[in-house]
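1. Structure of the sequence below:
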Amino acid sequence: MAPGISGFFRSIFGGGGAAGAAKEGDATEYNGYTIRPAPRREAAGWLTVGTIAKEFPEGVKEHKFIRADTSSSWDDAVALSVRKAKQIIDEQGDRMFRE
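-> Residues are numbered from 1 along each chain as shown. The predicted structure is shown next:
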């Protein structure tokens, strides 16, 4: 694979070193869901990334999300990731876990 293409796929799927590494923020509970913000550093700033989890009788289910929104600081990106996660929860509820 050409270096440019492999770098592109590493950035999308999370591989490839610290430059694009996500630093996880504190977990937040919201309406029975656990939100874990994990903004990822990009050239344009901090990308809005996180995970929403919920406990079900058959175990914990997780929904990972990435939004195109960027923030200039990590703290702002954490706040935006939590806001976006709450929006997803309010709009989709448990449907987000459907495959």
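2. Return the longest helix along the chain as CSV; C-alpha atoms alone will do.
-> Of all segments of type helix in the chain, defined using DSSP state H, the longest is helix 74-92. C-alpha atoms of helix 74-92 as CSV (Å, rounded to 0.1, in the frame of the first residue of the first chain):
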residue,chain,number,x,y,z
TRP,A,74,-9.0,19.7,24.0
ASP,A,75,-11.3,20.9,26.8
ASP,A,76,-13.7,22.5,24.2
ALA,A,77,-13.6,19.2,22.2
VAL,A,78,-14.5,17.2,25.3
ALA,A,79,-17.5,19.5,26.0
LEU,A,80,-18.6,19.3,22.4
SER,A,81,-18.2,15.5,22.3
VAL,A,82,-20.4,15.2,25.4
ARG,A,83,-23.0,17.6,23.9
LYS,A,84,-23.1,15.6,20.6
ALA,A,85,-23.4,12.3,22.5
LYS,A,86,-26.4,13.6,24.5
GLN,A,87,-27.9,14.7,21.2
ILE,A,88,-27.4,11.2,19.8
ILE,A,89,-29.0,9.7,22.9
ASP,A,90,-32.0,12.0,22.8
GLU,A,91,-32.6,11.4,19.0
GLN,A,92,-31.8,7.7,18.8
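3. Show me what it is packed against.
-> Under the contact criterion of 3 or more CB pairs under 8 Å, 6 or more residues apart in numbering; DSSP states H and E, helix 74-92 touches strand 28-30, strand 33-37, strand 45-56, strand 59-71. Bear in mind the C-beta positions are built from the backbone N, C-alpha and C, glycine included.
4. Quick check: buried residues in it?
-> Buried positions in helix 74-92, judged by neighbour count with 16 or more other CB atoms under 10 Å: 77-82, 84-86, 88-89.
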